[in-house]
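In: Predicted coordinates and the sequence they were generated for:
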Amino acid sequence: MKLVSILDAPKPSRRLTPLDIIDELGLIIERWEAPCVNANGEDYDRVYWSLWALGCKLIALGEGCKASLDELGVFRDFEDKPRNEVYSSVRDFARKAKPTPLVRLSWKPAKDVRVWAKLEWFNPLSLSLKDRPALHILEELGLPPGSYIGDASSSNFAAALASASRIFGYRARVYLPSTTGRIGRVASLIMGAEVVVKTASSTVDLIKLVKDDSQKLGFTHIDQFTNDLNFEAHIRGTARELDYQARSKGIRVSGLAGSLGTSGHMAAVAFYFSRRTRGDVDIVLAQPAKGSVIPGLRRVETGMLWINLLDVDYNIYDVTLEDALTVAVEVARSDGLLVSPSAGAAFAALRAHAENYGISGNYIVIVPDTGYKYLDLYESWVGGELA
Ligand code: PLP
């Protein structure tokens, strides 16, 4: 067996993304090992791209052997991090200031549950989890400086894309529905993007327009809603980081809670951990209750790729905006952390789940964003304690 840097190994001629190789990828995570392969062998490209999706640094060449993912450097990105972090560029900072923190909270949905929050606002470009797909997609596309890119977003992805475009030297065009708040619009404008605001109740209603405009105006449509590299970004990032963080601190992950927009991040962590634990993980998802608008979130039936396609079990809860804000305020008052309404929805879903099933153990809540972006919403909310 020969361990070779994945960057030096022959690059397969076709790019396979996680949905193309989902069985292979799932088995590699489940077994925590990958078969040795030969560059001209039949399964080379599937193994190569599975290891790439998992952020492994090495690939094992040879025949009839296997290498564990630890041997292949799956966690090397996060090991031996200097505490005094100095980065030579914003690009380096945005890619390497990882993992985002995992923080034990005192807030509990039930007596025997320990809650850990993964704070995604520690992604520096958009102060949200959307840095991950924006950076990963642009990196994998590898377009030359001066390229023109565009996409629709409810807010955070626009900011992340506008910001990442500065780093890569691109021109960006973002489309936002008129129902969204001003953060994505203003941040994207400041970052020099072209901003198109259209009357639409939801971001997905803008996808056709973006597709048509991409043809007319000649920009590359990033398409966060169906681009499998969104999912891959969260396998390489969010899921792998969590696994590393939990393992290095001896935390057994009983469950994961989060919210749904494109479903990129929750489908990725649900898939990764369901394979890693052979199904022994409890997945709790939040979607907005009918008639409720929670920034960044959508209902499953509005069409989401990954969570609908993947074979993972989950419980999904309808959360009203009022419930999301109520629980977010509870967390703010118990822990002094001001989280986004979408995180409030995830905490509310976890509480409902605890009431239904009497759960215990370590539950991780993915906090997509900071609450400081939504002060207007918190302030105008007159149904609860803030009134
Ligand atoms: N929370 C916030 C604040 C968001 O902006 C988004 C997506 O834009 C989400 C949650 C959902 O994330 P995902 O698209 O990965 O499902």
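Out: Good, I have the coordinates.
In: Show me which residues of the stretch 251-387 of the chain sit near the ligand.
Out: 259-266, 295-297, 340, 342, 368-369 (CB under 6 Å from any ligand atom). The way it works is simple: take the backbone N, C-alpha and C, and place the C-beta from them, glycine included.
In: residue ranges with poor pLDDT in the stretch 151-300 of the chain?
Out: For the stretch 151-300 of the chain, applying pLDDT under 70 flags no range at all.
In: For it, which segments count as helices?
Out: Using DSSP state H, counting those that start in this stretch, the helices of the stretch 151-300 of the chain run over residues 156-168, 183-190, 207-213, 228-234, 240-248, 264-276.
In: And the fourth one, what does it pack against?
Out: Other helices and strands packing on helix 228-234, by 3 or more CB pairs under 8 Å, 6 or more residues apart in numbering; DSSP states H and E, are helix 131-141, helix 264-276.
In: Contacts only, for the most centrally placed residue in the chain.
Out: Central residue of the chain (CA atoms, centre = their mean): His265, 3.2 Å from the mean position. Contacts for His265 were tallied using CB atoms under 8 Å, 6 or more residues apart in numbering; they are 129, 132, 234, 238, 258, 366, 368.
In: rerun that using 6 Å as the cut-off
Out: 129, 234, 238 (CB atoms under 6 Å, 6 or more residues apart in numbering).
In: Chain neighbours aside, what residue packs nearest to it?
Out: Using CB to CB, 6 or more residues apart in numbering and skipping residues adjacent in sequence, the residue nearest His265 is His234, 4.5 Å away.
In: Share the number of residues neighbouring that neighbour, please.
Out: 29 (other CB atoms under 10 Å).
In: residue contacts, it?
Out: 264-265, 268.
In: change it to 8 Å
Out: Contacts of His234 by CB under 8 Å, 6+ apart are 129, 132-133, 264-265, 267-269.
In: Kindly report the same for Pro109.
Out: For Pro109, the contacting residues are 115, 347, 350-351, 353-355, 359, 363, by CB under 8 Å, 6+ apart.
In: Now, of the residues you listed, which are buried?
Out: Buried positions within these, assessed by neighbour count (16 or more other CB atoms under 10 Å), are 115, 347, 350-351, 353-354, 359, 363.
In: and the closest residue to the ligand within the stretch 51-200 of the chain, how many neighbours?
Out: Taking CB to the nearest ligand atom, the ligand has its nearest neighbour within the stretch 51-200 of the chain at Asn156, 3.7 Å off. By other CB under 10 Å, the residues close to Asn156 number 31.
In: Could you do Asp8 as well?
Out: Other residues within reach of Asp8 by the criterion other CB under 10 Å amount to 9.
In: Please apply the same query to Pro10.
Out: By other CB under 10 Å, 14 other residues sit near Pro10.
In: What sits closest to it if chain neighbours are left out?
Out: Nearest non-adjacent residue to Pro10, counting by CB to CB, 6+ apart: Ala39, 4.4 Å away.
In: how about that neighbour, secondary structure?
Out: Following DSSP: H, G, I helix; E, B strand; the rest coil, the label given to Ala39 is coil.
In: Which parts of the stretch 251-387 of the chain are strands?
Out: Taking DSSP state E, counting those that start in this stretch as the test, the strands found in the stretch 251-387 of the chain are 253-259, 282-288, 315-319, 361-367.
In: what's the first one packed up against?
Out: In other words, strand 253-259. Using 3+ CB pairs under 8 Å, 6+ apart: strand 253-259 touches helix 240-248, helix 264-276, strand 282-288, helix 341-357, strand 361-367.
In: 7 Å - rerun?
Out: With contacts defined as 3 or more CB pairs under 7 Å, 6 or more residues apart in numbering; DSSP states H and E, strand 253-259 has these neighbours: helix 264-276, strand 282-288, helix 341-357, strand 361-367.
In: now swap in the second one and tell me
Out: For strand 282-288, the contact count by 3+ CB pairs under 7 Å, 6+ apart identifies strand 253-259, strand 315-319, helix 341-357 as packing neighbours.
In: Next up, the contacts around Phe122.
Out: Neighbouring residues of Phe122 by CB atoms under 7 Å, 6 or more residues apart in numbering: 100-101.
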